[in-house]
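**Q** The amino acid sequence is not available; the structure is as follows:
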(Lines give C-alpha, C1' and ligand atoms only; values in the text may rest on other atoms or scores of the structure.)
Protein backbone atom coordinates (compact mmCIF):
# COMPACT_ATOMS: atom_id res chain seq x y z
CA UNK A 1 0.00 0.00 0.00
CA UNK A 2 1.86 3.14 -1.16
CA UNK A 3 2.41 6.23 0.94
CA UNK A 4 -0.22 8.85 0.23
CA UNK A 5 -3.05 6.46 -0.62
CA UNK A 6 -6.45 7.51 0.72
CA UNK A 7 -8.78 5.11 2.54
CA UNK A 8 -10.75 4.85 -0.71
CA UNK A 9 -7.66 3.91 -2.73
CA UNK A 10 -6.50 1.46 -0.05
CA UNK A 11 -9.82 -0.37 0.02
CA UNK A 12 -9.87 -0.55 -3.78
CA UNK A 13 -6.34 -2.00 -3.79
CA UNK A 14 -7.42 -4.67 -1.30
CA UNK A 15 -10.45 -5.52 -3.44
CA UNK A 16 -8.30 -5.74 -6.59
CA UNK A 17 -6.13 -8.31 -4.80
CA UNK A 18 -9.13 -10.38 -3.60
CA UNK A 19 -8.55 -9.65 0.08
CA UNK A 20 -12.02 -8.20 0.76
CA UNK A 21 -14.62 -6.39 -1.28
CA UNK A 22 -14.72 -2.62 -1.08
CA UNK A 23 -18.25 -2.75 0.35
CA UNK A 24 -17.23 -5.23 3.08
CA UNK A 25 -14.37 -2.99 4.16
CA UNK A 26 -16.58 0.11 4.26
CA UNK A 27 -19.15 -1.79 6.32
CA UNK A 28 -16.50 -2.98 8.77
CA UNK A 29 -15.01 0.52 9.01
CA UNK A 30 -18.33 2.19 9.80
CA UNK A 31 -20.10 -0.47 11.85
CA UNK A 32 -17.27 -1.94 13.95
CA UNK A 33 -15.68 -0.42 17.04
CA UNK A 34 -11.90 -0.18 17.18
CA UNK A 35 -10.11 0.21 20.50
CA UNK A 36 -7.25 2.58 19.70
CA UNK A 37 -6.51 5.75 21.66
CA UNK A 38 -5.76 7.74 18.50
CA UNK A 39 -9.30 7.07 17.24
CA UNK A 40 -11.13 8.02 20.45
CA UNK A 41 -13.89 10.57 20.00
CA UNK A 42 -14.03 10.20 16.23
CA UNK A 43 -17.35 9.90 14.38
CA UNK A 44 -17.26 6.49 12.71
CA UNK A 45 -20.40 7.00 10.61
CA UNK A 46 -18.29 7.73 7.51
CA UNK A 47 -15.28 5.76 6.29
CA UNK A 48 -13.18 8.94 6.25
CA UNK A 49 -12.79 8.62 10.03
CA UNK A 50 -9.94 6.19 9.36
CA UNK A 51 -8.16 8.60 6.98
CA UNK A 52 -4.57 9.10 8.06
CA UNK A 53 -4.35 5.93 10.17
CA UNK A 54 -4.20 3.08 7.62
CA UNK A 55 -0.43 2.95 7.69
CA UNK A 56 1.16 2.51 4.23
CA UNK A 57 3.32 -0.60 4.24
CA UNK A 58 3.76 -4.04 2.65
CA UNK A 59 1.22 -6.47 4.07
CA UNK A 60 0.29 -10.10 3.75
CA UNK A 61 -3.41 -11.02 3.90
CA UNK A 62 -5.48 -14.10 3.20
CA UNK A 63 -7.72 -14.24 0.17
CA UNK A 64 -11.27 -13.45 1.28
CA UNK A 65 -9.92 -12.24 4.61
CA UNK A 66 -12.06 -10.97 7.47
CA UNK A 67 -12.59 -7.20 6.90
CA UNK A 68 -12.28 -6.12 10.52
CA UNK A 69 -9.03 -8.08 10.91
CA UNK A 70 -7.65 -6.44 7.77
CA UNK A 71 -8.39 -2.94 9.06
CA UNK A 72 -6.95 -3.76 12.47
CA UNK A 73 -3.71 -4.86 10.83
CA UNK A 74 -3.29 -1.34 9.40
CA UNK A 75 -4.19 0.30 12.71
CA UNK A 76 -1.83 -1.96 14.67
CA UNK A 77 0.96 -0.96 12.29
CA UNK A 78 0.21 2.75 12.85
CA UNK A 79 0.23 2.24 16.62
CA UNK A 80 3.54 0.34 16.42
CA UNK A 81 5.18 2.94 14.18
CA UNK A 82 4.21 5.91 16.34
CA UNK A 83 6.98 5.40 18.88
CA UNK A 84 7.82 7.04 22.21
CA UNK A 85 10.57 8.92 20.37
CA UNK A 86 7.94 10.44 18.09
CA UNK A 87 5.89 11.42 21.14
CA UNK A 88 8.97 13.20 22.51
CA UNK A 89 9.27 15.09 19.23
CA UNK A 90 5.60 16.01 19.50
CA UNK A 91 6.11 17.59 22.91
CA UNK A 92 9.23 19.42 21.68
CA UNK A 93 7.38 20.72 18.62
CA UNK A 94 4.66 22.35 20.70
CA UNK A 95 7.28 23.93 22.93
CA UNK A 96 9.24 25.17 19.92
CA UNK A 97 6.30 26.60 17.99
CA UNK A 98 4.04 27.72 20.81
CA UNK A 99 1.17 25.94 19.10
CA UNK A 100 -1.27 23.74 21.03
CA UNK A 101 -1.19 20.95 18.46
CA UNK A 102 -2.87 17.60 19.07
CA UNK A 103 -1.63 14.26 17.78
CA UNK A 104 -4.47 14.37 15.25
CA UNK A 105 -3.15 17.74 14.05
CA UNK A 106 0.21 16.05 13.44
CA UNK A 107 -1.45 13.36 11.31
CA UNK A 108 -3.32 16.03 9.35
CA UNK A 109 -0.11 17.98 8.77
CA UNK A 110 1.77 14.81 7.80
CA UNK A 111 -0.92 13.94 5.26
CA UNK A 112 -0.62 17.38 3.63
CA UNK A 113 3.16 17.06 3.54
CA UNK A 114 2.77 13.60 1.98
CA UNK A 115 0.69 14.98 -0.89
CA UNK A 116 2.72 18.16 -1.43
CA UNK A 117 6.34 17.01 -1.18
CA UNK A 118 8.46 16.02 -4.17
CA UNK A 119 10.85 13.91 -2.06
CA UNK A 120 11.19 12.63 1.50
CA UNK A 121 13.90 15.20 2.33
CA UNK A 122 11.85 18.05 0.90
CA UNK A 123 9.00 17.17 3.25
CA UNK A 124 10.79 18.82 6.17
CA UNK A 125 10.91 22.14 4.31
CA UNK A 126 7.30 21.80 3.12
CA UNK A 127 6.25 21.26 6.75
CA UNK A 128 8.16 24.37 7.82
CA UNK A 129 6.15 26.52 5.39
CA UNK A 130 2.83 25.36 6.79
CA UNK A 131 3.98 25.67 10.41
CA UNK A 132 5.32 29.17 9.75
CA UNK A 133 1.86 30.09 8.49
CA UNK A 134 0.16 28.58 11.54
CA UNK A 135 2.53 30.41 13.89
CA UNK A 136 2.04 33.76 12.11
CA UNK A 137 -1.65 33.34 11.40
CA UNK A 138 -2.38 37.06 11.65
CA UNK A 139 -0.33 37.63 8.51
CA UNK A 140 -0.90 34.21 6.93
CA UNK A 141 -4.36 32.96 7.99
CA UNK A 142 -4.59 30.35 5.21
CA UNK A 143 -2.36 27.35 4.47
CA UNK A 144 -3.15 27.59 0.73
CA UNK A 145 -2.69 23.89 -0.06
CA UNK A 146 -4.13 22.71 -3.37
CA UNK A 147 -3.92 19.11 -2.14
CA UNK A 148 -6.57 19.64 0.54
CA UNK A 149 -9.12 20.87 -2.01
CA UNK A 150 -8.33 18.00 -4.37
CA UNK A 151 -9.00 15.54 -1.55
CA UNK A 152 -12.46 16.96 -0.92
CA UNK A 153 -13.36 17.09 -4.61
CA UNK A 154 -12.02 13.61 -5.44
CA UNK A 155 -12.74 11.60 -2.29
CA UNK A 156 -14.49 13.24 0.65
CA UNK A 157 -17.47 14.84 -1.10
CA UNK A 158 -17.50 12.21 -3.86
CA UNK A 159 -18.07 14.67 -6.69
CA UNK A 160 -20.73 16.72 -4.87
CA UNK A 161 -18.68 19.93 -4.84
CA UNK A 162 -19.96 21.70 -7.94
CA UNK A 163 -20.44 25.43 -7.37
CA UNK A 164 -17.80 27.95 -6.30
CA UNK A 165 -19.83 28.58 -3.13
CA UNK A 166 -19.69 24.89 -2.20
CA UNK A 167 -15.96 24.70 -2.85
CA UNK A 168 -15.30 27.87 -0.85
CA UNK A 169 -17.33 26.54 2.08
CA UNK A 170 -15.51 23.20 2.14
CA UNK A 171 -13.81 22.45 5.49
CA UNK A 172 -10.92 21.13 3.38
CA UNK A 173 -10.47 24.38 1.43
CA UNK A 174 -7.33 25.87 2.97
CA UNK A 175 -7.65 28.95 0.75
CA UNK A 176 -10.91 30.01 2.44
CA UNK A 177 -10.82 28.23 5.83
CA UNK A 178 -8.20 29.20 8.39
CA UNK A 179 -5.79 26.75 9.99
CA UNK A 180 -5.62 23.05 9.32
CA UNK A 181 -8.32 21.30 7.27
CA UNK A 182 -11.05 19.20 8.88
CA UNK A 183 -9.04 15.99 8.77
CA UNK A 184 -6.18 14.08 7.14
CA UNK A 185 -6.22 13.98 3.33
CA UNK A 186 -4.24 10.73 2.91
CA UNK A 187 -2.41 8.07 4.87
CA UNK A 188 1.09 9.50 5.45
CA UNK A 189 4.24 7.43 5.52
CA UNK A 190 6.91 7.47 8.19
CA UNK A 191 9.02 10.23 6.60
CA UNK A 192 6.03 12.57 6.36
CA UNK A 193 5.07 11.89 9.97
CA UNK A 194 8.64 12.67 11.01
CA UNK A 195 8.63 15.86 8.92
CA UNK A 196 5.41 16.96 10.63
CA UNK A 197 6.98 16.28 14.03
CA UNK A 198 10.42 17.73 13.32
CA UNK A 199 10.16 20.36 10.55
CA UNK A 200 13.14 22.27 9.26
CA UNK A 201 13.64 25.74 10.75
CA UNK A 202 13.14 28.21 7.91
CA UNK A 203 11.71 31.64 7.16
CA UNK A 204 9.75 30.34 4.17
CA UNK A 205 6.06 31.09 3.65
CA UNK A 206 5.62 30.11 0.00
CA UNK A 207 6.58 27.38 -2.44
CA UNK A 208 5.94 26.57 -6.07
CA UNK A 209 6.71 23.41 -8.00
CA UNK A 210 9.48 23.46 -10.61
CA UNK A 211 8.25 20.69 -12.89
CA UNK A 212 11.42 20.57 -15.00
CA UNK A 213 13.71 20.19 -11.98
CA UNK A 214 11.27 18.03 -10.03
CA UNK A 215 11.58 20.14 -6.87
CA UNK A 216 9.77 22.96 -5.13
CA UNK A 217 11.17 26.49 -5.04
CA UNK A 218 10.75 28.12 -1.64
CA UNK A 219 10.37 31.83 -0.90
CA UNK A 220 10.35 34.11 2.11
CA UNK A 221 8.26 36.87 0.57
CA UNK A 222 5.39 37.15 -1.89
CA UNK A 223 7.65 39.11 -4.25
CA UNK A 224 10.17 36.23 -4.32
CA UNK A 225 7.35 33.73 -4.81
CA UNK A 226 5.87 35.70 -7.72
CA UNK A 227 9.31 35.97 -9.29
CA UNK A 228 9.70 32.18 -9.15
CA UNK A 229 6.22 31.67 -10.55
CA UNK A 230 6.95 34.02 -13.44
CA UNK A 231 10.29 32.34 -14.12
CA UNK A 232 8.56 28.95 -14.24
CA UNK A 233 5.81 30.26 -16.51
CA UNK A 234 3.16 29.99 -13.82
CA UNK A 235 2.55 33.64 -13.08
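**A** Looks like it came in fine. Values in this document were obtained by computation on a predicted structure and should not be read as measured data. Numbering: from 1, shown residues only.
**Q** and the residue nearest in space to the middle of the chain, what does it touch?
**A** Central residue of the chain (C-alpha atoms, centre = their mean): residue 111, 1.5 Å from the mean position. The contact partners of residue 111, taken as C-beta atoms under 8 Å, 6 or more residues apart in numbering, are 51, 52, 184, 185, 186, 187, 188, 192. Quick note: C-beta positions are derived from backbone N, CA and C, even for glycine.
**Q** Tell me who's in contact with the residue nearest to residue 169 when sequence neighbours are not counted.
**A** Once flanking residues are discounted, residue 169 sits nearest to residue 176: 7.4 Å by C-beta to C-beta, 6 or more residues apart in numbering. Contacts for residue 176 (C-beta under 8 Å, 6+ apart) come out as 142, 168, 169, 170.
**Q** So for the helix or strand bottoming out on mean pLDDT in the chain, what gets flagged as buried?
**A** Using mean pLDDT, DSSP states H and E, helix 164-169 stands out as the lowest-scoring helix or strand of the chain, at a mean of 85. Residues of helix 164-169 classed as buried: residue 167 (neighbour count, 16 or more other C-beta atoms under 10 Å).
**Q** SS state for the residue nearest to the centre of the chain?
**A** helix (DSSP: H, G, I helix; E, B strand; the rest coil).
**Q** Any stretches of the protein with poor pLDDT?
**A** 159, 161, 235 (pLDDT under 70).
**Q** in it, which spans are strands?
**A** For the chain, the strands defined by DSSP state E cover 206-210, 215-219.
**Q** can you put those strands in TSV and add mean neighbour count?
**A** Formatted as TSV, those follow (neighbours: other C-beta atoms under 10 Å):
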stretch	mean neighbour count
strand 206-210	19
strand 215-219	19
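**Q** Which one, of those strands, ends up nearest to residue 101?
**A** strand 206-210 (21.1 Å; C-beta to C-beta).
**Q** how deep is the closest residue to residue 34 other than its chain neighbours tucked in, by neighbour count?
**A** Excluding the flanking residues, the one nearest residue 34 by C-beta to C-beta, 6+ apart is residue 75, at 6.1 Å. Using other C-beta atoms under 10 Å, residue 75 has 18 neighbouring residues.
**Q** thought residue 75 was touching residue 57?
**A** No - look at residue 75 against residue 57 with C-beta atoms under 8 Å: they stay out of range, at 11.8 Å.
**Q** For residue 141, see how far away residue 107 is.
**A** Distance, residue 107 to residue 141, by C-beta to C-beta, to the nearest Å: 22 Å.
**Q** Looking at those two, which is more packed in?
**A** Applying other C-beta under 10 Å to residue 107 and residue 141 shows that residue 107 carries more neighbours, namely 22 against 14.
**Q** and residue 117, what is it in contact with?
**A** Residues near residue 117 by C-beta under 8 Å, 6+ apart: 123, 126, 192, 195, 216.
**Q** got it, and residue 205?
**A** Contacts of residue 205 (C-beta under 8 Å, 6+ apart): 129, 132, 133, 136, 140, 219, 220, 221, 225.
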